[in-house]
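A.B. asks: below are the sequence and a predicted model for it; my questions follow.
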Amino acid sequence: MDPLARYDSLVDDSAAFHAACERPLPSVVRVNDIKATPDRVRQAFDEAGIGYESVGWHDGLFRLADDVKPGNTWPFVHGWVYGQEEVSAVPALAVDPQPGERVLDCCAAPGSKTTQLAALMDDRGLLVANDNNLGRLSALRSNAERCGVSNLVVTRADARNFSLKPFSGEPFDRTLVDVPCSCEGTVRKNPDAVDDWSLDHIEGIAGVQKAILGRSLEVTREGGTVVYSTCTFAPEENEAVLQYALDEYDCRLLEYDLELEHTPGITEWDGDTYDESMTRAKRIYPHHNDTGGFFCAKLEVGA
Amino acid sequence: MTSENDSSRKNDGQVFNRLPATAAERDDEGRATRKEVVEWWVDRFGLDPETFENYTFWEKGAGKVWAFASDLESPADVEGLGMTFLRTRQEHWKPTTDAVQRFGREATKNVVVLDADDARAFLRGEDTDPEWDGDWGYLIAAHDIAGGVEPIGVGLYLYDELRSQMPKGRQREL
């Protein structure tokens, strides 16, 4: 049985939902504002005869024609673009970092959201990218360098025990918590994503997600922003993790704007109920915008 | 003399060490100073020294200098700090591909603009033979794209040829 069928009761059109999950995803690139503008990237694509179209809701995202390998284009070589799925551009926008702030990306590799955060900060202030895996950190470093990011500190730690020691013990203004997850929402890019699906796996990884989100709330200042995101549909990894944060920490969910079609976070699942404010979180389904699936919530600390 | 001072005299290649501001503040004789590093980019490529006003500079590994657009007191435990920027501790200092791509647009000298074929060959890591009657040594190799000159990487100009220094992982066949 298709594990994604357990979400049929959550979506408006389950046939369309399943059909979208079967289709491959277009290749999408994000313009790296540190080195280029959307106009200059358009011009370079036009000169090279590369087919692309705008995504509509974001000026700096382009869907590429099927025959284009983004890595083999001059704009990629120059670090003007980064191959990044459309929905994965959502959390950094929700973080909304400002130039000069202190920002943490606690599960950062391989770096699409980190480089997007750096660009939103205009490459100024302090951006810390953490991951626990040396191989993935090396990919992160090389992606950040190609994008010309120069305000970045890379650390290797388990995000559940992230230390502020190298940062004078000072908390961050904003933290992105894009946790490891069961990746159900990436099934269009990687059809194997749901092959090893099990509820045990989801429940196990939810424990890790709770610990990472908890630590992130601790290292973010009062009044600061924490954005929690996953690329999965499972309420156990989404609303239930946020419910844990609301119960155990001084924080609350915030409203935020998103131009992509989405549905609110849910308040009931499998006999459990969640706080009413869970509707401020956003669920993004593949059939609504022809993208991957995603979940994203914005929290305020200590308020 | 304290043991703390002793340790600061040696270059520990495993951690980030801040470049001293000037030669007068230098403990490690082989370590470049902030002043020298900025002057090198200004002299070699005609950059505005203000470009680096808000940067701190660090050495990790022998002669590998990193440019960081912020500051930290004690970055000993971190894996990366800003971007790799310049190779010192050798006769001719060598800029990195990343630094040339990031800062080389503002260069006013020692930039060789390649035609389309040479630009692709350079990216493949091949030697080219562009017209050039300027300095020998490390140049910024660039090309025209989308209405401007954009740096590709570092070239070593010697004996009428430009040797591509594109790192293996950055070479591409376009």
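C.D. replies: Sure thing, it's come through. Numbers count the residues shown, from 1 in each chain, chains lettered A, B, ... in the order given.
A.B. asks: quick one: mean pLDDT for the longest helix along chain B?
C.D. replies: Scanning chain B for the helix with the most residues, using DSSP state H, yields helix B:34-45. Averaging pLDDT along helix B:34-45 yields 97.
A.B. asks: and for stretch B:98-107?
C.D. replies: pLDDT averaged over stretch B:98-107 gives 97.
A.B. asks: if we can go back for a sec, which outside residues touch the longest helix of chain B?
C.D. replies: Residues outside helix B:34-45 that contact it (C-beta atoms under 8 Å, 6 or more residues apart in numbering or on different chains) are B:19-23, B:47-49, B:51-52, B:57, B:65, B:85-86, B:88, B:93, B:95, B:103-104, B:107-111, B:138, B:140. No exception for glycine: its C-beta is placed from N, CA and C like everyone else's.
A.B. asks: please state the offset of that helix from the chain centre?
C.D. replies: 10 Å (C-alpha atoms, centre = their mean, to the nearest Å).
A.B. asks: which among the contacts of helix B:34-45 end up buried?
C.D. replies: Buried by 16 or more other C-beta atoms under 10 Å in any protein chain shown: B:19-20, B:47, B:52, B:57, B:65, B:85-86, B:88, B:93, B:95, B:103-104, B:107, B:110-111, B:138, B:140, out of these.
A.B. asks: that older thread, helix or strand right after the longest helix of chain B?
C.D. replies: Sequence order places strand B:56-59 as the next helix or strand after helix B:34-45, per DSSP states H and E.
A.B. asks: packing partners for that following strand?
C.D. replies: Counting contacts by 3 or more C-beta pairs under 8 Å, 6 or more residues apart in numbering or on different chains; DSSP states H and E, strand B:56-59 is packed against strand B:17-18, strand B:64-68.
A.B. asks: anything in the last one near chain A?
C.D. replies: Yes. With C-beta under 8 Å from any C-beta of the partner chain as the measure, strand B:64-68 is seen reaching chain A through B:67-68.
A.B. asks: what are the contacting residues of whichever helix or strand comes after that strand?
C.D. replies: Next along the chain after strand B:64-68, taking DSSP H and E as the criterion, comes strand B:80-81. Outside strand B:80-81, the residues within contact range by C-beta under 8 Å, 6+ apart are A:137, A:141, A:144, A:152-154, B:16, B:58, B:60, B:66, B:68, B:72, B:75.
A.B. asks: and what of stretch B:160-171?
C.D. replies: A:77, A:142, A:146, B:94, B:97, B:112, B:114, B:121-130, B:132, B:138-139, B:141, B:152-157.
A.B. asks: now with 10 Å?
C.D. replies: A:77, A:142, A:145-146, B:94-98, B:100-101, B:112, B:114, B:118, B:121-132, B:136, B:138-139, B:141, B:152-157, B:172 (C-beta atoms under 10 Å, 6 or more residues apart in numbering or on different chains).
A.B. asks: what's the distance between the spatially closest residue to A:Lys69 that is not a sequence neighbour and chain B?
C.D. replies: Nearest-residue entry for A:Lys69: A:Ser27, 7.9 Å, with adjacent residues in sequence omitted and distances by C-beta to C-beta, 6 or more residues apart in numbering or on different chains. Distance of A:Ser27 to chain B, given as C-beta to the nearest C-beta, to the nearest Å: 17 Å.
A.B. asks: which parts of chain A are helices?
C.D. replies: Ranges of helices within chain A are A:14-22, A:38-47, A:74-77, A:90-95, A:112-120, A:134-146, A:199-218, A:239-248, A:286-289, based on DSSP H.
A.B. asks: will you turn those helices into CSV that also has mean neighbour count?
C.D. replies: Output for the helices of chain A, formatted as CSV (neighbours: other C-beta atoms under 10 Å in any protein chain shown):
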stretch, mean neighbour count
helix A:14-22, 16
helix A:38-47, 18
helix A:74-77, 23
helix A:90-95, 24
helix A:112-120, 26
helix A:134-146, 19
helix A:199-218, 18
helix A:239-248, 20
helix A:286-289, 21
